[in-house]
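In: pasting the sequence and the predicted coordinates here, then a few questions.
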Amino acid sequence: MDLTRELLRAHTRSQATKIADYVNDNPTHFKVLVDTFLKGPYRITQRASWPLNLCVERNPTLVKPHLKRILRHLQEPGIHDAVKRNTMRFLQFCTIPKSLHGNVADLCFQYLQSKKEAIAIKVFAMTVLSNIIEKEPDLKKELKIILEDQLPYASPGFTVRAHRVLKALGNS
């Protein structure tokens, strides 16, 4: 299957599902999808993100061999919001290796504290951080401070997710 051609054909649930079904649990097909997602341009990245997310939701272990490369890509200057947003979205479903906790947490904290980042990026970063905090509880206080500081000025979407995360973090 020519993924780029298929991605350009339509941006629908059925097309995303068709591509995700093609990739299935095949690491080679998944690598091609990741490469396509990272290569761009924007429209391809946007459309590749949906089947990529479906694949990671179905089988989160597929993305593990690609995480370092994806994280390096996120640190490049001028990276499009679609890449940030969709990467944070699928990281919610992954068990991030302990060796990458620091890198992922740093990125998430950067996104949360930036006034320029889109709300969706911040919301997904919040959830990724709360998942990391289950294994790295020392980060809990920092996340709580950042969220509580932003709540009075936050959008409704940010506020709902922040309250949910704060509740999950508890009072400690």
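Out: Arrived safely, thanks for sending.
In: so which strand or helix has the residue lying closest to Leu62 once chain neighbours are set aside?
Out: Spatial nearest neighbour of Leu62, excluding adjacent residues (C-beta to C-beta, 6 or more residues apart in numbering): Phe30 at 4.7 Å. All C-beta spots, glycine's among them, are computed from the backbone N, C-alpha and C. Using DSSP states H and E, the element containing Phe30 is helix 27-39.
In: ok, and what's touching the following helix or strand past that helix?
Out: Downstream of helix 27-39, the first helix or strand assigned by DSSP H and E is helix 42-58. Identification of contacts with helix 42-58 by C-beta atoms under 8 Å, 6 or more residues apart in numbering yields 3-4, 7-8, 11, 13, 16-17, 19-20, 23, 25, 30, 33-34, 36-39, 62-63, 80, 82-83, 85-86, 89-90, 93-94.
In: try it again with 6 Å
Out: 7, 11, 16, 19-20, 23, 33, 36-37, 62-63, 80, 82-83, 86, 89-90, 93 (C-beta atoms under 6 Å, 6 or more residues apart in numbering).
In: stretch 156-172 now?
Out: 119, 123, 126, 130, 140, 144, 147, 151.
In: the residue nearest to Met1 when sequence neighbours are not counted in helix, strand or coil?
Out: Counting by C-beta to C-beta, 6+ apart, Tyr22 is the residue found nearest to Met1 once chain neighbours are left out, at 5.2 Å. The three-state assignment at Tyr22 reads helix, by DSSP: H, G, I helix; E, B strand; the rest coil.
In: mind checking how far Tyr22 is from Val34?
Out: Going from Tyr22 to Val34 by C-beta to C-beta, to the nearest Å gives 14 Å.
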